[in-house]
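Chemist: Pasting the sequence and the predicted coordinates here, then a few questions.
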Amino acid sequence: MSESKTFYVNEKSGVDTSEATGSESHPFATPSYALFVNQDAKILVYKEIEEKPEQFEYQEISASALKKAKKGAESLKKKAEKQQKLKEEKDNLPKVSELSLSSIEEDSSLPKANKIKLNKIQENIDKRVIVNGWIHRLRVQKGLAFITLRDGYGFLQCILTGDLAKAKETQELTIESTVSIKGTILKLPEGKSAPGGVELKADYYEIIGLAPSGENSFTNKIQEGADPSLLLDQRHLTLRGETLSAVMKVRSVFLGAIRKVYKEEGLLEVTPPCMVQTQVEGGSTLFKMDYYGEEAYLTQSSQLYLETCLPSLGDVYCVQESFRAEKSHTRRHLSEYTHIEAELAFLTFDELLTHIETLISKTIQYVVEDPVAGPLIKQLNPNFQPPKLPFQRMEYIHALDWLNEHGILNDEGEPFKFGDDIAEAQERKMVDTINKPILLIRFPGEIKSFYMQKCKDDPRVTESVDVLMPNVGEITGGSMRSYDLDELLQGFKSHKIDPAPYYWFLDQRTYGTTPHGGYGLGTERILAWLCDRFTVRDCSLYPRFTGRCKP
Ligand code: 4AD
């Protein structure tokens, strides 16, 4: 038990180092530090006297400040323990030698080395190569150093021996430093394991950028299990981790695969504007901006622009950022997301549904067959099975029956009735139970957007579709569009939208109208499903959501 004692804390004149003793003449600067020095200490804080402004004296610490100080002391204690551990680790390293890396010369009699990326290891077995990258893992022993090198293309275990291992700089190497290593790639002997079943026996290496050690070391900044918000502050560093980088690679392959399918299906890529003056999906989620003195928005959807391309370009698609000022703080909502949208002319609702399921299933097939993404998906989502065609089609009205039969209530705690929105939680319960992709179709007009085509056999509902996937819910929303001018204007009216700024969109119904339809697919949502991520935030490079627009 530490002895109880009084410590003085003066924010202005005190210091939190061993120079202070906590006495009145040598006070500490913070109550946290005082408690860190002695957890049972009584603390007097130098502060203004309540009834005498600008007069100060030492007063007993308030209960709330004491609570905060205890937390602060706890984290100072953890930090100190960590530093002590690092110091011990450093002390336990073999004695730093005086041999300097710069005094070691490359053996000019060795064969010339070719520079390779780490996805070309297997083609270079038994060859002398140059590999460049970041130190992902590191183990330095007496006369031997193991480096797992990472370059974004792959990983390679490199072994330094002899003088290279003994050199002072090798002994002081750190994780995330960059190095350029020359050596020969060798197949691993039986019983040993490393990425790709090979290792590089180094004969020469240089350090390009030494990363910090100690308190600022990479592992100290990015701690496993740290608060997600702290990790997001360090997103530029967390992106180096194996999981996040795997998702980003799958993302890239996915975008390539979907473009390939669009090409096969005869759709042309276009790039609509992000700065717009019309809404698509409701005013409440618009991000407003000042556009040279006029009100403008960041686009919610490129749909209306895609529709205008049909007469000149045929069926079109885009891969464009969409923006939603979502108030909801859910695991499937971002403020900015990569929206894949397509618009197709002269087709029926049924053809649109077939197109959507074909697109999704073909794309997923290409991604799982890809030599980079396939193994990463196995790693991230070992039980993943590409969905089988055709997807189950379920009408909204039958979904209500399903929910009511399964005792799932609406947001008011009542059984579902026609016209109710099926909220995220209920939708999830349904698709998770059915555990297969669902094309949920024919939603009532009043819970959907202004532009949706009414069903001919039942004008209460629209030719609309949401694609639902287990574990994430809706990944795609689409519909046939009202192509009769009067019916469309009726839609504007019932949704209380002024049609005037939409003259260019309405003209599509005047200058040669046609049945047409399209959809929007949320890239991060489909990735969350494919890579089994808890939230769409893990599927975006630098996610933006309520309260976060950095780094
Ligand atoms: O259902 P939404 O709002 O439909 C549209 O924007 C249509 N105009 C698209 C079209 O027909 N061209 O959005 C389409 C998809 C959703 O299914 C979802 O996957 C994704 O976009 N999405 C979001 N993803 C992440 N964060 C958000 N805040 C999202 N809002 C929609």
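Modeler: Done, it's in.
Chemist: Is residue 257 within a helix or a strand, and which one?
Modeler: helix 242-264 (DSSP states H and E).
Chemist: Does that helix pack against any helices or strands, and if so which?
Modeler: strand 316-323, strand 336-345, helix 349-369, helix 373-380, helix 523-530 (3 or more Cβ pairs under 8 Å, 6 or more residues apart in numbering; DSSP states H and E). From N, CA and C alone the C-beta is placed, and that goes for glycine too.
Chemist: Please export the C-alpha coordinates of the first one as CSV.
Modeler: In this case it means strand 316-323. Output in CSV follows, covering the C-alpha atoms of strand 316-323 (Å, rounded to 0.1, in the frame of the first residue of the first chain):
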residue,chain,number,x,y,z
VAL,A,316,-25.0,3.1,-70.0
TYR,A,317,-23.5,2.8,-66.5
CYS,A,318,-21.3,4.8,-64.2
VAL,A,319,-19.0,4.2,-61.2
GLN,A,320,-19.4,7.5,-59.4
GLU,A,321,-19.3,8.8,-55.8
SER,A,322,-22.7,9.6,-54.4
PHE,A,323,-23.3,11.7,-51.3
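Chemist: Now do it against helix 242-264, angle only.
Modeler: 150 degrees (axes from the mean of the first three to the mean of the last three Cα atoms, to 10 degrees).
Chemist: what lines up beside strand 316-323 in the sheet?
Modeler: Using DSSP bridges, the strands paired with strand 316-323 are strand 268-269 (parallel), strand 336-345 (antiparallel).
Chemist: distance between the ends of stretch 54-68?
Modeler: Using Cα to Cα, to the nearest Å, one end of stretch 54-68 lies 25 Å from the other.
Chemist: Next secondary structure element downstream of the helix or strand bottoming out on mean pLDDT in the chain?
Modeler: Here the helix or strand of the chain ranked lowest by mean pLDDT, DSSP states H and E is helix 63-92, holding a mean of 85. Counting by DSSP H and E, the next helix or strand C-terminal to helix 63-92 is strand 114-116.
Chemist: Close to the ligand: what parts of the stretch 251-400 of the chain are there?
Modeler: For the stretch 251-400 of the chain, the residues in contact with the ligand (Cβ under 6 Å from any ligand atom) are 280-281, 301, 303, 324, 326, 333-334, 337, 339, 341.
Chemist: where exactly do the strands run in the stretch 401-550 of the chain?
Modeler: Ranges of strands within the stretch 401-550 of the chain are 438-441, 454-455, 458-462, 464-469, 473-480, 516-522, based on DSSP state E, counting those that start in this stretch.
Chemist: For those, give me CSV that also has distance to the ligand.
Modeler: Shown next, in CSV, are the strands of the stretch 401-550 of the chain (distance: least, Cβ to the nearest ligand atom, whole Å):
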stretch, distance to the ligand
strand 438-441, 11
strand 454-455, 16
strand 458-462, 12
strand 464-469, 7
strand 473-480, 3
strand 516-522, 2
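Chemist: can I get those strands in a markdown table with mean pLDDT and mean neighbour count?
Modeler: Formatted as a markdown table, the strands of the stretch 401-550 of the chain follow (pLDDT from 0 to 100; neighbours: other Cβ atoms under 10 Å):
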| stretch | mean pLDDT | mean neighbour count |
| --- | --- | --- |
| strand 438-441 | 98 | 23 |
| strand 454-455 | 96 | 18 |
| strand 458-462 | 96 | 16 |
| strand 464-469 | 97 | 25 |
| strand 473-480 | 97 | 23 |
| strand 516-522 | 98 | 24 |
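Chemist: Low-confidence bits of the protein, can you list those?
Modeler: 1-4, 92-97 (pLDDT under 70).
Chemist: By residue count, what's the longest strand in it?
Modeler: Counting residues, the longest strand in the chain under DSSP state E turns out to be strand 128-141.
Chemist: Could you point out the helix or strand that follows it?
Modeler: Scanning forward in sequence from strand 128-141 by DSSP H and E, the next helix or strand is strand 144-150.
Chemist: Neighbouring strands - and their directions - for that next one?
Modeler: Here, using DSSP bridges, strand 144-150 pairs with strand 128-141 (antiparallel), strand 155-161 (antiparallel).
Chemist: hang on, the earlier thing: mind listing what's buried in the helix holding residue 257?
Modeler: 244, 246-251, 253-255, 257-259, 261-262 (16 or more other Cβ atoms under 10 Å).
Chemist: how much does it deviate in direction from helix 349-369?
Modeler: Regarding helix 242-264 and helix 349-369, their directions subtend 130 degrees when assessed with the same axes, to 10 degrees.
Chemist: Restricting to C-alpha, output helix 242-264 in CSV.
Modeler: Provided in CSV are the C-alpha atoms of helix 242-264 (Å, rounded to 0.1, in the frame of the first residue of the first chain):
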residue,chain,number,x,y,z
GLU,A,242,-3.4,-7.3,-43.8
THR,A,243,-7.2,-7.3,-43.4
LEU,A,244,-7.9,-3.8,-44.6
SER,A,245,-5.5,-4.1,-47.6
ALA,A,246,-7.1,-7.4,-48.5
VAL,A,247,-10.5,-5.7,-48.6
MET,A,248,-9.1,-2.9,-50.8
LYS,A,249,-7.6,-5.4,-53.2
VAL,A,250,-10.9,-7.3,-53.5
ARG,A,251,-12.6,-3.9,-54.0
SER,A,252,-10.3,-3.1,-56.9
VAL,A,253,-10.9,-6.5,-58.5
PHE,A,254,-14.6,-6.2,-58.0
LEU,A,255,-14.7,-2.8,-59.8
GLY,A,256,-12.7,-4.4,-62.7
ALA,A,257,-15.0,-7.4,-62.8
ILE,A,258,-18.2,-5.4,-62.9
ARG,A,259,-16.8,-3.2,-65.7
LYS,A,260,-15.9,-6.4,-67.6
VAL,A,261,-19.5,-7.7,-67.2
TYR,A,262,-20.9,-4.4,-68.3
LYS,A,263,-18.8,-4.6,-71.4
GLU,A,264,-20.0,-8.1,-72.1
